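[1] Next one to model:
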Amino acid sequence: PAHSDALEMAPPDYVLVVQHPQGDLDDDERAEIEKGNAARAYYLQQAKKSGVSIHERVLGDKTYYEVRAHFQALLREADRCEIKLPLKGKKQKPKEAKGAFAALYKHVEWFFAPTMDDQAPEFYTAEFNTESLSIFLNSNNEAEFFRPTQRSLLTFFLLDQVSHADRSYTQGLSRLVAAKGITSHFAPHERGTADKPSILDQLRLHWSSWKSWHRFQPLHTVRAYFGERIGFYFGYYGFYTQWLAMAGVVGLFFTLLGLYFMTGSDIDELCDSTYVLCASCGTCAQPKLKDSCAAYRSGYVWDNWATIAFAIVMNAGATLFLEFWRRRSHVLAYEWDVIEALCEPAEPPLRPEFTPDAVRVNKVTGKEEPVFSKDKFRRRVLSGIAFCITMILLVCGLVLGIAVYRVAVREAIALHGNIESASIGASMTGAILNLFCIMTLQNVYIRLAIVLTNWENHRLRETYDSYLTFKLFAFQFVNSYASLFYVAFFKGQNPGYPGHWTTIFGYRQEECPPYGCMTELTIQLAVIMLGKYTIAAAQELLIPKMKHWWAARKKARVAPLDERVASSIEEDESLLPYTSLGFLTEYLDLVIQFGYVLMFVSAFPLAPLIAFVNNLVGLRIDARKLTTYFKRPTPLQANDIGVWYTVLQILAMVAAITNGAVIAFTSDTVA
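    Numbering: from 1, shown residues only. I've put the predicted structure just below:
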């Protein structure tokens, strides 16, 4: 009894939520609710047998099931996972950084170091074994033997192995949600007091606060609270941003060199030229070459020998960056005890959206399991690939459409002004239109890709995420870079000659202006980066805040704060869910940005600096979302950033080719 009372007084390890419907219901709705109630009752009964205590609490129109795992059940699950735990005895000696960088850092540590204690794990660790319980730290203290994050993870695995019906393929919390047994589930946030703030309180104050924009992240504390998967994401985010800081400074230096080279014999020769060019349209006046003097002079800031050298430096630096990150990720995996094996479910549950068309007996386990026809699955996957190709062709068509728009605008402006203003005006408006298309198609395609991947009917979440990642990256690659590839390598390749001009829809094919296509490539990249990341930052900052405000307002209508005080569980439940799709798109945005920074850096050396400023803001926005607006994610383990490292390597190789091609074919410096 005393042990049971202590367990009930402890914070819950996990929470299940049921939203009770309000108002009149028809017969079908009542039948569905009864099925959900039966599924929930069966699930709760089986969950208690697995070694958890469940306390029911009714608050307003919702019922909360507070789950607390028994110590023996946690030990059993930790033994199955072979999770590493600290040993009793001698602590590890703290590692002291040595070398010139470490000596330099001591002088600026007051500005960059986190303002909270962020020590790496102190004790040596070993894989847990129930028979060797006594050798582990706090083995005689059940409350402190596991970290709260470990308790939540192990409890999640315990609950995810329970079925809500007498069939083997009904196990898992996601399946229980699909059966209407519960509405949602989450690991609760930790709560502290004014005298003893929780880890979450410290992270809000020292990590997600805007006052900490210039400080390194307390990465070990982030991992201790949110788990290794989130820890590696922010570890990569911070490491990448540090690299951008160095690349941004070098890019700014080479840009200043370009400003210094703006005055030269080549530019003076063009500005004093008396040559006359072909008219851009049948009724336009023939422009003089010297009319492009100002544009050529400004374009020389980006198109000179210094920027060519910077492109070489950046491609070499990207290779070093990836190698150093691989080393850093191994260090983190070692320090976080995930370098060898990860704690994963004993049997991965089926996706709740998976719809089988038959049931068969597994020859190994002897249990019934649902299956889906391989032929149907292949046809659906091929249909998904065809859809992705169709969307890519649509993007290419829009790029050509914007090219026609630029030609029309250039001719319209050229009728009333000079060729220089016509070309720059067409380039600027075309870049803005292209940005609008990129942002619109990106949002539309994400929704369509989700619908299509759901239709493919994947059995497991892992394969579902892999197929969705492939679709999103393939489309985003073309959507983000197609216009840049067009300007760099295809624009003005076959314009024709007087009397035999090449036309598209009645307009002459787009040509590079007298000062070359490099300036337009710079304009395209600058507008896309500045516009896209400004809009994205505003969306990530305002949308979660507005959703959180609206949820709080709806809650106040149901139960005003002056009638009762909301519990911490209710506060957690009112937060936004942190989904795997949101986590995937966060990585995708960083990867696409890496491509912007690297693939056309020879045309815009300030790209790393813009990305660095964006990431300073974006990192704190992501941190604030996790600590303030979102439910606590299930603290899943990881030992690296997964497939994204391979994607980054591919982008680095493509960048070496594109920069070489830009220098060889687009730049006027080499030509």
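[2] C-alpha from now on. contacts and neighbour counts both.
    Will do.
[3] What's the local residue count around the spatially closest residue to Gln649 that is not a sequence neighbour?
    With sequence-adjacent residues excluded and distances taken as Cα to Cα, 6 or more residues apart in numbering, Gln649 is closest to Leu322, at 7.4 Å. Counted with other Cα atoms under 10 Å, residues neighbouring Leu322 total 17.
[4] Check Leu137 too.
    Leu137: 19 neighbours (other Cα under 10 Å).
[5] Go ahead and confirm it touches Lys88.
    Yes: with contact defined as Cα atoms under 8 Å, Leu137 counts as touching Lys88 (4.6 Å).
[6] any idea which element the residue nearest to Gln649 lies in?
    helix 305-335 (DSSP states H and E).
[7] Would you mind identifying the next helix or strand past that helix?
    Helix 305-335 is succeeded, C-terminally, by strand 358-361 (DSSP H and E).
[8] quick one: strands adjacent to that next one?
    According to DSSP bridges, strand 358-361 forms sheet pairs with strand 368-371 (antiparallel).
[9] Using PDB, write out the CA atom coordinates for stretch 238-258.
    As requested, the backbone C-alpha atoms of stretch 238-258 are provided in PDB (Å, rounded to 0.1, in the frame of the first residue of the first chain):
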ATOM      1  CA  GLY A 238      24.000  24.300 -34.200                       C
ATOM      2  CA  PHE A 239      27.100  22.800 -35.800                       C
ATOM      3  CA  TYR A 240      25.800  23.800 -39.300                       C
ATOM      4  CA  THR A 241      25.100  27.300 -38.100                       C
ATOM      5  CA  GLN A 242      28.700  27.600 -36.800                       C
ATOM      6  CA  TRP A 243      30.000  26.600 -40.100                       C
ATOM      7  CA  LEU A 244      27.800  29.200 -41.800                       C
ATOM      8  CA  ALA A 245      29.200  31.900 -39.500                       C
ATOM      9  CA  MET A 246      32.700  31.200 -40.800                       C
ATOM     10  CA  ALA A 247      31.600  30.900 -44.400                       C
ATOM     11  CA  GLY A 248      29.500  34.100 -44.100                       C
ATOM     12  CA  VAL A 249      32.500  36.100 -42.900                       C
ATOM     13  CA  VAL A 250      34.700  34.700 -45.700                       C
ATOM     14  CA  GLY A 251      31.800  35.400 -48.200                       C
ATOM     15  CA  LEU A 252      31.500  39.000 -46.900                       C
ATOM     16  CA  PHE A 253      35.300  39.500 -47.300                       C
ATOM     17  CA  PHE A 254      35.200  38.300 -51.000                       C
ATOM     18  CA  THR A 255      32.200  40.500 -51.600                       C
ATOM     19  CA  LEU A 256      34.200  43.500 -50.300                       C
ATOM     20  CA  LEU A 257      37.000  42.500 -52.700                       C
ATOM     21  CA  GLY A 258      34.400  42.500 -55.500                       C
END
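[10] Contacts made by it with the rest, please.
    216-217, 300-304, 306-307, 310, 314, 321, 325, 605-612, 615-616, 619 (Cα atoms under 8 Å, 6 or more residues apart in numbering).
[11] distance between it and the chain's centre?
    On the basis of Cα atoms, centre = their mean, to the nearest Å, stretch 238-258 sits 23 Å off its chain's mean C-alpha point.
[12] Which residues belonging to it are considered buried?
    Residues of stretch 238-258 classed as buried by neighbour count (16 or more other Cα atoms under 10 Å): 238-242, 244-245, 247-248, 250-255, 257-258.
[13] And the pLDDT at the residue nearest to Gln649?
    The score at Leu322 is 96. That number is its pLDDT.
[14] Show me what the helix holding Leu322 is packed against.
    helix 228-260, helix 580-599, helix 644-661 (3 or more Cα pairs under 8 Å, 6 or more residues apart in numbering; DSSP states H and E).
[15] after the second one, next one along is what?
    Looking back up the chat, that one is helix 580-599. helix 607-624.
[16] Can you name every helix or strand that that next one contacts?
    Secondary-structure packing of helix 607-624 (3+ Cα pairs under 8 Å, 6+ apart): helix 228-260, helix 518-558, helix 580-599.
[17] can I get the helices and strands packed on helix 305-335 in a markdown table with mean pLDDT?
    Listed next are the helices and strands packed on helix 305-335 as a markdown table, based on pLDDT from 0 to 100:
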| stretch | mean pLDDT |
| --- | --- |
| helix 228-260 | 92 |
| helix 580-599 | 92 |
| helix 644-661 | 92 |
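[18] Out of those, flag the one nearest Val409.
    Judged by Cα to Cα, the one of those that comes nearest to Val409 is helix 580-599, at 26.8 Å.
[19] Export the closest one to CSV, keeping only CA atoms.
    The C-alpha trace of helix 580-599 is given here as CSV (Å, rounded to 0.1, in the frame of the first residue of the first chain):
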residue,chain,number,x,y,z
SER,A,580,6.9,13.1,-37.4
LEU,A,581,5.9,15.1,-40.5
GLY,A,582,6.9,18.4,-38.7
PHE,A,583,10.3,16.8,-37.8
LEU,A,584,10.8,15.6,-41.4
THR,A,585,10.1,19.0,-42.9
GLU,A,586,12.5,20.7,-40.4
TYR,A,587,15.3,18.6,-41.7
LEU,A,588,14.2,19.1,-45.3
ASP,A,589,14.3,22.9,-44.9
LEU,A,590,17.9,22.7,-43.6
VAL,A,591,19.0,20.4,-46.5
ILE,A,592,17.4,22.6,-49.1
GLN,A,593,19.1,25.6,-47.5
PHE,A,594,22.5,23.8,-47.7
GLY,A,595,21.9,23.5,-51.4
TYR,A,596,21.1,27.2,-51.8
VAL,A,597,24.3,28.1,-49.9
LEU,A,598,26.6,25.7,-51.7
MET,A,599,25.3,25.0,-55.3
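[20] So what touches that helix?
    233, 237, 314-315, 318, 469, 473, 476-477, 480-481, 525, 529, 607-608, 611, 644, 647-648, 651-652, 654-656, 658-659.
[21] now stretch 144-164
    In contact with stretch 144-164 (Cα under 8 Å, 6+ apart) are residues 13-14, 39-40, 42-43, 46-47, 50, 68-69, 74, 77-78, 137-139, 169-173, 176, 187, 224-227, 344-347, 349, 634-636.
[22] Any of the residues you listed buried? List them.
    By 16+ other Cα under 10 Å, those give 13-14, 39-40, 42-43, 46-47, 50, 68-69, 74, 77-78, 137-139, 169-173, 176, 187, 224-227, 344-345, 349, 634-636 as buried.
[23] Which of those fall within strands?
    Within these, residues falling in strands by DSSP state E are 14, 68-69.
[24] Let me know the closest of those to Thr666.
    Using Cα to Cα, Tyr14 comes nearest to Thr666 of those, at 58.1 Å.
[25] Surely the closest one touches His189?
    No: look at Tyr14 against His189 with Cα under 8 Å: they stay out of range, at 9.8 Å.
[26] As CSV, the ones in strands among the buried ones among the contacts of stretch 144-164 with pLDDT and distance to Tyr405 would be great.
    Formatted as CSV, those follow (pLDDT from 0 to 100; distance: Cα to Cα, whole Å):
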residue, pLDDT, distance to Tyr405
Tyr14, 94, 56
Arg68, 94, 63
Ala69, 94, 64
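[27] Same list (those residues) but as CSV, adding distance to Ile446.
    CSV is the format used below for those (distance: Cα to Cα, whole Å):
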residue, distance to Ile446
Tyr14, 31
Arg68, 37
Ala69, 38
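[28] Check the gap between the residue nearest in space to the middle of the chain and Leu472 for me.
    Closest to where the C-alpha atoms of the chain average out (Cα atoms, centre = their mean) is Glu586, at 1.1 Å. In this view, Glu586 and Leu472 are 12 Å apart by Cα to Cα, to the nearest Å.
[29] can you give me the strands for the stretch 51-200 of the chain?
    For the stretch 51-200 of the chain, the strands defined by DSSP state E, counting those that start in this stretch cover 52-59, 62-69, 84-91, 123-127, 184-186.
[30] and the last one, how far out from the chain's middle?
    In other words, strand 184-186. 22 Å.
[31] how many other residues sit next to the closest residue to Leu350 other than its chain neighbours?
    Nearest non-adjacent residue to Leu350, counting by Cα to Cα, 6+ apart: Leu460, 5.2 Å away. Using other Cα under 10 Å, Leu460 has 15 other residues around it.
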